[in-house]
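In: task: produce atomic coordinates for the following.
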Amino acid sequence: MNVFIAGPRAISRLNKDVMERLNNIIKNNFTVLVGDANGVDKQIQEFCHSLNYNKVRVFASNGKARNNIGEWEVYKVDVDRNVKGFDFYAAKDLEMAKKADYGFMIWNGKSKGTLNNIHNLVNLNKKVLVYFTPDKQFYTIRSLNDVNKLGNKSNKNSDIDNGIKKNEQMSLFK
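Out: A predicted model of the protein is given here:
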């Protein structure tokens, strides 16, 4: 089972709830698919390395990993040299979404990249567990409608109406 885990560069620490879910992923011996960026990617790598967990694959655009703390296998994602900025790194993220069975995203309600990852996973018919940092809650995302409701929540900072149930948990991460 492959789990694509990601989040914003702006988040530099994982809280207890997120670490508990990561522990469950590791206990289930799932393969962690993670990027090479600072922020959540680097924190995921540090967490896995601290537990000597080896079922980690680091995805890097053109094979040049910016962070690979555990010296794990690097999955090279070829990106045209003319592609720059957001699109350069989004290519690697799309490849992780394709290789994943499930997604686990830590989202601050602002990161365009994390929101793009959620969209990609849903478009590929894959469930996503989102830890939404503004309200410190987990949400299971199954459809674009769910994504839109969570996006509206980030904009309005109000309660989600009926579509996404707070604390609905995928058994995969329990």
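In: who does the helix or strand bottoming out on mean pLDDT in the chain touch, helix- and strand-wise?
Out: Taking mean pLDDT, DSSP states H and E as the measure, the helix or strand of the chain with the lowest value is helix 144-156, at a mean of 82. Based on contacts counted as 3 or more C-beta pairs under 8 Å, 6 or more residues apart in numbering; DSSP states H and E, the elements that helix 144-156 packs against are helix 112-123, strand 128-132, strand 137-141. (Glycine included, C-beta is placed from N, CA and C.)
In: now the helices: where do they sit in the chain?
Out: Taking DSSP state H as the criterion, the chain carries its helices at 16-27, 40-50, 85-99, 112-123, 144-156.
In: just so I know, which of these lies nearest residue 1?
Out: Shortest separation from residue 1 across the helices of the chain is recorded for helix 16-27, at 8.8 Å, computed as C-beta to C-beta.
In: so which of the helices of the chain gets nearest residue 129?
Out: Nearest to residue 129, of all those, is helix 16-27, at 7.3 Å by C-beta to C-beta.
In: now do the buried residues in the closest one.
Out: Neighbour counts using 16 or more other C-beta atoms under 10 Å place 18, 21-22, 25-26 of helix 16-27 among the buried residues.
In: please tabulate the helices of the chain in JSON lines, including the columns distance to residue 106.
Out: Shown next, in JSON lines, are the helices of the chain (distance: least, C-beta to C-beta, whole Å):
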{"stretch": "helix 16-27", "distance to residue 106": "6"}
{"stretch": "helix 40-50", "distance to residue 106": "5"}
{"stretch": "helix 85-99", "distance to residue 106": "14"}
{"stretch": "helix 112-123", "distance to residue 106": "7"}
{"stretch": "helix 144-156", "distance to residue 106": "13"}
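In: so which of those gets nearest residue 132?
Out: Each of these was checked against residue 132 via C-beta to C-beta, and the shortest separation belongs to helix 144-156, namely 6.6 Å.
In: for the protein, give me the ranges with low pLDDT.
Out: Scanning the chain for pLDDT under 70 picks out 156-174.
In: again, only this time at 50
Out: 157-174 (pLDDT under 50).
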